[in-house]
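Trainee: Everything below, folded, please.
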Amino acid sequence: MEIKPATSLPETELSLEEARIQAAFARRRDGARYSWFDAGHLFLIQGRERLLMTRLKQYGFASLDTKSVLEIGCGTGYWLREFIKWGARPEHIIGIDLLSDRVAEAKRLCPGTLTVECGSAAGLSFPDETFDLVLQSTVFTSVLDSGMKQLMAAEMLRVLKDSGLILWYDYHVNNPWNTDVRGVKRQEIYQLFPGCRIQLRRITLAPPLARLLAPYSWLACYVLEKIPLLCTHYLGVIRKG
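Mentor: Here you go, the predicted structure:
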């Protein structure tokens, strides 16, 4: 598959969007809602993990020990450490994030042989076709500039091996309480990755509903998460055409 270069953004426009993102994350306070000891959060992450393992196995990635992995927008390294738990070797894993304080925290929490860099996903420094797996998790919803999103998607495809997978996990709905994010719909995902083979599935019971119900009934959460209209995210596998 030939990867066409994305239309470049003026440097000032790109810098302004990156500055907006940095300011938005500086204001963000996640609090206890993302604690493993919160029943709703635990329900959501375990459900996501089960489906992701199914997808990796489906596409021949049940063994990760020889696979190279890149996560854009890695934050403090949660997913990087998950890949180690799933069998990937730390020396084969790289994370990149725009925020230097999160990069510093990821380096503190992750093994020393794992690489974490501060940089923009709109201009990756890696050669073409470097990685078997490229992950983005709730990154594109934090980018409001469509041109920057196009650059990020093109870079993800550029550094992906022809036999590799892009793993996508992100909101497809807007958050009425947070104007710094915007849901990415199915049509936009197809526009960002033209000519690719894309499999999307709605997952993740609406977090406010999961946090409300999970302390009392996991069964109710299991039943409700089967209703696509109540699920707020897409889990996607994207392959070059």
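
Trainee: just for the chain, where's the confidence low?
Mentor: Counting by pLDDT under 70, the low-confidence segments of the chain come to 1-11, 13, 29-32.

Trainee: Give me the most central residue, this protein.
Mentor: Geometric centre of the chain, nearest residue: residue 137, 1.4 Å, by C-alpha atoms, centre = their mean.

Trainee: just the strands in the chain please.
Mentor: Remark: strands assigned in the chain by DSSP state E are 69-72, 93-97, 115-118, 131-137, 160-171, 197-205, 231-239.

Trainee: name the helices or strands packed onto the second one?
Mentor: Translated: strand 93-97. Contacts defined by 3 or more C-beta pairs under 8 Å, 6 or more residues apart in numbering; DSSP states H and E place strand 93-97 against strand 69-72, helix 78-85, helix 100-109, strand 115-118. Backbone N, C-alpha and C define where each C-beta goes, glycine included.

Trainee: same thing with the first one?
Mentor: Applying 3+ C-beta pairs under 8 Å, 6+ apart, one finds that strand 69-72 makes contact with helix 78-85, strand 93-97, strand 131-137, helix 146-159.

Trainee: Now do the last one against strand 93-97, angle only.
Mentor: Yep, that's helix 146-159 we're talking about. 170 degrees (axes from the mean of the first three to the mean of the last three C-alpha atoms, to 10 degrees).

Trainee: Quick check: buried residues in helix 146-159?
Mentor: Applying a neighbour-count criterion of 16 or more other C-beta atoms under 10 Å, one finds 147-159 buried in helix 146-159.
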